[in-house]
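[1] Would you be able to build a 3D model of this:
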Amino acid sequence: MSIDPARLGPMANAIRALSMDAVQAANSGHPGMPMGMADVATVLYSRFLKFDPARPDWSDRDRFVLSAGHGSMLIYSLLHLTGYAQPTMDDIRNFRQLTSPCAGHPENFLLPGVECTTGPLGQGLAMAVGMAMAERHLNATYGDALVDHRTWVIAGDGCLMEGINHEAIGLAGHLGLGRLVVLWDDNRITIDGDTDLSTSEDIPARYRAAGWHTEDCDGHDPADITRAIEAAVADGRPSLVACRTVIGKGAPNKQGSHNVHGSPLGAEEIAATREALGWTAAPFEIPADVLADWRALGAKGAAASAAWDARAAADAQGAELARRMSGDLPAGDGGVAEYIAKLSADKLKVATRKSSEMALEVLTASIPDLVGGSADLTGSNNTKTKSTTPVGKDSYGGRYVYYGIREFGMAAAMNGMALHGGIVPYGGTFLVFSDYCRNAIRLSALQHARVVYVMTHDSIGLGEDGPTHQPVEHVMSLRMIPNVLVFRPADAVETAEAWALAIRETSRPSVLALSRQNLPAVRADGAFKTAKGGYRLKAADAARKVVLVATGSEVELALDVAKALEAEGIGSDVVSMPCAELFVEQDAGYRADVLPVDALKVSIEAGVTLGWERFVGSDGLTIGIDSFGASAPAEVLFKHFGFTVEAIVPKIKAKLGI
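    Have a look, this model is predicted:
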């Protein structure tokens with residue numbers, strides 16, 4: 001069906017009215033962007049977007065990302081008007097209130113129809129790149145009949161200024177993601193004022209240089225908007241459509257000014273806007289004919305999704321695609337148990353980054369959902385396997401992405417892939433560069449996205465590259481982010497267990513902090529103890545006086561320290577704690593047994609000591625590094641910073657008063 005062009009104006013004004021009224025009721029929010037982009041959004045939804053409000057999880061729907069998440073009333077208005085179950089009008093009335101799913105910025109875990117959480121500018125567009133990558137990969141695997149949709153983005157000036165935009169558009173252009181269309185709200189306004197205060201770049205030229213197609217249009221002329229989007233759809237490259245708009249369009253005294261960006265219009269200006277728009281409906285009321293036009297758009301999606309159901313039911317690959325989109329992994333354990341049993345017997349001495357590669361060889365061979373990559377450190381991160389061939393514009397069916405030196409862009413793209421569904425993404429870089437990824441890792445956690453971050457070179461153990469590359473605060477700082485599992489395994493067995501746990505976590509991301517240097521086997525069983533987060537690796541021989549708690553490369557050291565203490569009659573447990581978050585989730589009885597109150601608890605980790613008090617107590621002992629590292633061979637550095645039996649045993653004895 002098609003909407004009479006004369007009806008598009010009132011439909012867009014419904015967005016304007018809901019946006020200004022909701023922001024006014026909350027006395028907080030951003031009315032300018034949704035009012036300015038109302039015409040563009042109306043054309044997009046009425047003529048191009050493939051969606052079914054009754055099935056917000058339909059796998060072949062178009063993905064719509066509001067990268068300019070501060071203008072959240074735009075998407076809340078669109079969801080309500082087109083007939084999604086939520087938000088209700090009461091939800092919109094309570095915009096930005098605790099009881100409403102209409103949060104200040106769109107949250108994917110609060111509202112079906114919100115594809116990803118946006119607000120940190122630039123990340124929505126970068127996640128959309130990941131969604132477009134996922135669509136092309138799944139299309140190459142399952143064909144046009146089952147996977148054939150587009151990814152649409154509304155982005156503002158801020159999204160295009162952020163550094164991540166450079167990374168994201170470079171990747172999208174390189175991969176030729178022609179199903180990606182970015183609608184730029186070119187209103188030339190930021191919070192501080194006109195954009196000419198802070199930028200003079202030719203943005204379309206920058207996009208063209210990155211391999212994009214560009215168009216421009218009058219963002220308030222439906223015919224011109226339609227023309228520009230049609231040209232974008234017809235081009236085989238990703239497209240940027242510069243939509244020249246007026247921020248706060250319709251507010252006669254405030255439109256076009258930065259003052260309408262992030263503040264309520266005020267009762268007087270709202271009244272003037274209603275008069276200027278000819279909008280006579282009361283706040284939070286939509287005229288029946290306007291609502292009917294919007295709901296008709298929503299209803300037409302039912303036919304498209306029903307036709308897709310019929311194709312999926314008749315296709316031999318339909319069930320497998322459904323499995324992947326549901327987030328379920330293939331039946332069985334992917335060969336992990338058999339692999340761990342072999343590791344336990346072989347007792348290999350290898351770096352945990354190599355252990356990770358070995359585990360991935362097993363997992364990627366049996367789990368097609370796994371799509372890996374690295375930010376130009378493939379040979380160092382050990383993230384590529386025999387089963388993961390490169391992804392390229394002529395090989396979307398590959399399973400390994402060469403992200404280039406784009407750590408932030410990689411992390412955000414992986415979020416987009418995970419949220420799209422059908423893919424379990426993992427990507428590698430050095431742990432010290434997790435700082436470049438950090439805001440995307442935080443969004444992984446906030447959005448409950450199953451993403452695995454492979455972070456190698458995890459301590460001073462990387463050696464001569466020195467303090468710029470030696471993580472000190474990073475492991476503990478990542479543990480501070482809610483809803484993230486941080487694994488620092490001690491050997492090949494713990495690494496394999498960490499991988500098995502990470503890929504089965506459907507609602508939170510994982511970080512694997514892995515060593516550059518070789519580590520000996522400390523486990524000789526396949527009991528899957530990493531699932532407990534922390535466990536007793538060695539029980540005291542003499543009467544227990546000390547519990548040594550260590551992670552990663554320091555577990556070997558803890559065992560040596562325990563041996564020296566036992567030689568002096570000081571009974572010492574050794575606890576390996578590969579994942580503090582999982583340990584905290586165990587019941588109190590288990591935790592008390594592993595970390596008893598009647599023993600001196602000592603943490604040993606080649607990182608900052610801050611945070612270990614949680615486990616060793618205020619009367620415990622923390623062995624770590626509370627300074628930056630230095631440039632020298634690893635063994636020299638460990639001795640210099642006190643990670644030796646000779647340095648640690650006297651500290652423990654002194655604490656015991658011996």
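[2] Can you give me the distance of residue 532 to residue 556?
    In this view, residue 532 and residue 556 are 20 Å apart by C-beta to C-beta, to the nearest Å. C-beta here means a position set from N, CA and C on the backbone, and glycine is covered the same way.
[3] Please list all residues in contact with the closest residue to residue 121 other than its chain neighbours.
    Excluding the flanking residues, the one nearest residue 121 by C-beta to C-beta, 6 or more residues apart in numbering is residue 158, at 4.0 Å. In this structure, residue 158 makes contact with 68, 121, 122, 190, judged by C-beta atoms under 8 Å, 6 or more residues apart in numbering.
[4] could you say which helix or strand contains residue 158?
    Under DSSP states H and E, the secondary-structure element containing residue 158 is helix 157-161.
[5] Check the offset of that helix from the chain's centre.
    From the chain centre to the centre of helix 157-161 is a distance of 19 Å (C-alpha atoms, centre = their mean, to the nearest Å).
[6] about what we covered before: for residue 236, state which of the contacts of residue 158 is nearest.
    The shortest separation between residue 236 and any of those is 24.8 Å, and it belongs to residue 122 (by C-beta to C-beta).
[7] Check what pLDDT that closest one gets.
    Residue 122 is assigned a predicted lDDT (pLDDT) of 98.
[8] burial of it, as a residue count?
    Neighbourhood size, residue 122 [other C-beta atoms under 10 Å]: 27.
[9] just to revisit the earlier point, which pair of the contacts of residue 158 spans the longest distance?
    When C-beta to C-beta is used, the two most widely separated members of these are 122 and 190, lying 13.4 Å apart.
[10] Can you list the low-confidence ranges for the stretch 151-300 of the chain?
    In the predicted model, the stretch 151-300 of the chain carries no residue with pLDDT under 70.
[11] mind listing the helices for it?
    Assigned by DSSP state H, counting those that start in this stretch, the stretch 151-300 of the chain shows helices spanning 157-161, 163-175, 203-209, 222-234, 267-277, 288-314.
[12] can you tell which of these is closest to residue 412?
    Comparing the helices of the stretch 151-300 of the chain against residue 412 with C-beta to C-beta, the closest turns out to be helix 163-175 (6.3 Å).
[13] What are the contacting residues of the closest one?
    Surrounding helix 163-175, the residues in contact under the criterion C-beta under 8 Å, 6+ apart are 122-123, 125-126, 129, 132-133, 136, 159, 180, 206-207, 210-212, 237-238, 391-393, 396, 403-404, 406, 408-410, 412-413.
[14] What of stretch 284-294?
    Counting by C-beta under 8 Å, 6+ apart, 3, 7, 10-11, 13-14, 17-18, 21-22, 81-83, 89, 92-93, 281 sit against stretch 284-294.
[15] Test my guess that residue 245 contacts residue 219.
    Yes. Residue 245 sits in contact with residue 219 when judged by C-beta atoms under 8 Å, with a separation of 3.7 Å.
[16] Mutual contacts of these two, please.
    Counting by C-beta under 8 Å, 6+ apart, the shared contacts of residue 245 and residue 219 are 36, 37, 39, 40, 185, 186.
[17] Could you tell me how many residues sit around the closest residue to the last one other than its chain neighbours?
    To tie it back to what came earlier, the one meant is residue 186. Counting by C-beta to C-beta, 6+ apart, residue 186 lies nearest to residue 242, which is 4.6 Å off, once chain neighbours are set aside. The tally of other residues near residue 242 (other C-beta under 10 Å) stands at 20.
[18] Next: residue 234.
    Look at residue 234: counted by other C-beta under 10 Å, it has 10 neighbours.
[19] Going along the chain, name the helices of the stretch 1-150 of the chain.
    Residue ranges of the helices in the stretch 1-150 of the chain, as given by DSSP H, counting those that start in this stretch, are 5-26, 32-36, 38-47, 73-82, 89-93, 123-142.
[20] Compare these and report which one is nearest to residue 254.
    When the helices of the stretch 1-150 of the chain are compared for distance to residue 254 using C-beta to C-beta, the nearest one is helix 32-36, at 8.3 Å.
[21] tally of neighbours for residue 318?
    Burial measure for residue 318: 17 neighbouring residues, criterion other C-beta under 10 Å.
[22] ok, now which ones touch the closest residue to it other than its chain neighbours?
    Spatially, and ignoring its direct neighbours in sequence, residue 318 is nearest to residue 312 (3.8 Å; C-beta to C-beta, 6+ apart). Applying C-beta under 8 Å, 6+ apart, one finds that residue 312 lies in contact with 146, 318, 321, 322.
[23] of the residues you listed, buried ones?
    Of all those considered here, the ones buried according to neighbour count by 16 or more other C-beta atoms under 10 Å are 146, 318, 321.
[24] Just put those residues in TSV and tack on pLDDT and distance to residue 492.
    Conversion of the buried ones among the contacts of residue 312 to TSV gives the following (pLDDT from 0 to 100; distance: C-beta to C-beta, whole Å):
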residue	pLDDT	distance to residue 492
146	98	39
318	98	38
321	98	34
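[25] Which of these sits closest to residue 509?
    Among the buried ones among the contacts of residue 312, residue 321 lies closest to residue 509 (C-beta to C-beta), at 23.8 Å.
[26] after the helix or strand hosting that closest one comes which helix or strand?
    Taking DSSP H and E as the criterion, the element that holds residue 321 is helix 318-326. Toward the C-terminus, helix 318-326 is succeeded by helix 336-346 as the next helix or strand (DSSP H and E).
[27] what packs against the following helix or strand past that next one?
    Stepping forward along the backbone from helix 336-346, the first helix or strand reached (DSSP H and E) is strand 350-351. If you count contacts as 3 or more C-beta pairs under 8 Å, 6 or more residues apart in numbering; DSSP states H and E, strand 350-351 packs onto strand 518-519.
[28] what's the distance between stretch 96-112 and the middle of its chain?
    18 Å.
[29] what's in contact with that stretch?
    For stretch 96-112, the external contacting residues (C-beta under 8 Å, 6+ apart) are 22, 26, 28-29, 56-57, 66, 69-70, 72-73, 75-76, 79, 84-87, 90-92, 94-95, 114-119, 419, 446-448.
[30] for stretch 604-612, same thing?
    Contacting residues not belonging to stretch 604-612 are listed as 459-461, 471-476, 479-480, 488, 548-554, 557-558, 561, 603, 620, 622-626, 638, 641, 643, 648 [C-beta under 8 Å, 6+ apart].
[31] before we move on, what about stretch 326-343?
    Applying C-beta under 8 Å, 6+ apart, the external contacts of stretch 326-343 come out as 323, 358-359, 362-363, 365-369, 421, 424, 450, 492-493, 496-497, 499-500, 503-504, 506, 521, 526, 528.
[32] next one: stretch 77-90
    For stretch 77-90, with C-beta under 8 Å, 6+ apart as the criterion, the contacting residues are 11, 14-15, 18-19, 34, 41, 45, 51, 53-54, 56, 76, 91-92, 100-102, 111-114, 284, 286, 291, 294-295, 297-299.
[33] Which positions in that stretch come out as buried?
    Taking 16+ other C-beta under 10 Å as the neighbour-count basis, stretch 77-90 is seen to contain the buried residues 77, 78, 79, 80, 81, 82, 83, 84, 86, 87.
[34] Stretch 143-156 now?
    Going by neighbour count (16+ other C-beta under 10 Å), the buried part of stretch 143-156 is 146, 147, 148, 149, 150, 151, 152, 153, 154, 155, 156.
[35] Can I get stretch 538-556 in CSV, CA atoms only?
    These are the backbone C-alpha positions of stretch 538-556, laid out as CSV (Å, rounded to 0.1, in the frame of the first residue of the first chain):
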residue,chain,number,x,y,z
LYS,A,538,46.1,-27.1,46.0
ALA,A,539,45.1,-28.0,49.6
ALA,A,540,47.5,-27.3,52.4
ASP,A,541,49.7,-30.2,53.6
ALA,A,542,50.5,-28.8,57.0
ALA,A,543,47.9,-27.1,59.2
ARG,A,544,46.5,-24.3,57.0
LYS,A,545,47.6,-20.8,57.9
VAL,A,546,47.7,-19.2,54.4
VAL,A,547,45.5,-19.1,51.3
LEU,A,548,47.2,-17.8,48.2
VAL,A,549,44.8,-16.5,45.6
ALA,A,550,46.2,-15.9,42.1
THR,A,551,45.2,-15.5,38.5
GLY,A,552,46.8,-16.2,35.1
SER,A,553,50.6,-16.4,35.0
GLU,A,554,50.9,-15.9,38.8
VAL,A,555,49.2,-19.2,39.6
GLU,A,556,52.5,-21.0,38.9
